[in-house]
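Student: What shape does this take:
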Amino acid sequence: LLYAIMAEAGYFPAETLNHLRKIESPLQGHPCCKKLPGVEVSTGSLGQGLSVANGMALGLRLDKNPPRIFCIMGDGETQEGQVWEAAMTAAHYKIDNLCAVVDNNELQIDGPVEEVMGIEPVHDKWAAFGWHVIDVDGHDMEEILRALDEAERTKGKPTVIIAKTTKGKGVSFFEDKVEYHGVAPSHEEFDKAVKEINNG
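Tutor: Prediction:
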């Protein structure tokens, strides 16, 4: 999704998308700021994003009208201790120009989140850390837009949007299948998926 948006925004030609995760391609499984313009922070080690977002949001808060910072995380990523340290920090410093979005699809690369390392109750945990918590259907754009508006109006604390989703939604053979988390589909599967999405 990130790479498709970046191509649409003109960071690189759309044809580059055909080389996703190839050896010499700048489009790897985790974005790298040294290889790709528009990527501000390289990723790969899960759990660091919220700490980086805290720093960015605090720095920007020095402006009188700071822009908002968004951090998107998977539910499996919230098993990392650094996420909760960053959550405490954001609440303590009342970083209200920060909005985290947790993709709560209950699957991660190693299997079901609750089997790997249970994180429920997600809503209650974030609330206990002092965040404004909004639960949404992550496939309902109207709900998401309302939540983003609510987050912008929230003052004195950071906001987290917990988006309940289905991994692979819209493609019958991808839905709720953990094996597609880190593996690219075959050409045949890709063509079939595109047909399902276009006919959906």
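
Student: Can you tell me the element the spatially most central residue of the chain falls in?
Tutor: Residue closest to the mean C-alpha point of the chain, counted by CA atoms, centre = their mean, is residue 72 at 2.7 Å. Per DSSP states H and E, residue 72 falls inside strand 69-74.

Student: Leaving out the residues flanking it, which one is nearest to residue 7?
Tutor: residue 14 (4.6 Å; CB to CB, 6 or more residues apart in numbering). Where C-beta positions appear, they are placed from N, C-alpha and C, glycine not excepted.

Student: quick revisit: the residue nearest to the centre of the chain reaches residue 104, doesn't it?
Tutor: No. Look at residue 72 against residue 104 with CB atoms under 8 Å: they stay out of range, at 11.8 Å.

Student: What's the mean pLDDT across the strand holding residue 72?
Tutor: On average, the pLDDT along strand 69-74 is 95.

Student: How is residue 179 assigned, secondary-structure-wise?
Tutor: Judged by DSSP: H, G, I helix; E, B strand; the rest coil, the three-state class of residue 179 is helix.

Student: Which pLDDT does the model give it?
Tutor: 85.

Student: and it, how far is that from residue 115?
Tutor: For residue 179, the distance to residue 115 (CB to CB, to the nearest Å) stands at 15 Å.

Student: Kindly report the same for residue 37.
Tutor: Counting by CB to CB - residue 37 and residue 115 are separated by 39 Å.

Student: Now do the domain split for the protein, please.
Tutor: 1-44, 46-165 (automatic domain parsing).

Student: ok, residue 66 - how many residues close by?
Tutor: 17 (other CB atoms under 10 Å).

Student: Output the domains of the chain as a markdown table; include the columns distance to residue 184.
Tutor: Output for these, formatted as a markdown table (distance: least, CB to CB, whole Å):
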| stretch | distance to residue 184 |
| --- | --- |
| domain 1-44 | 6 |
| domain 46-165 | 14 |
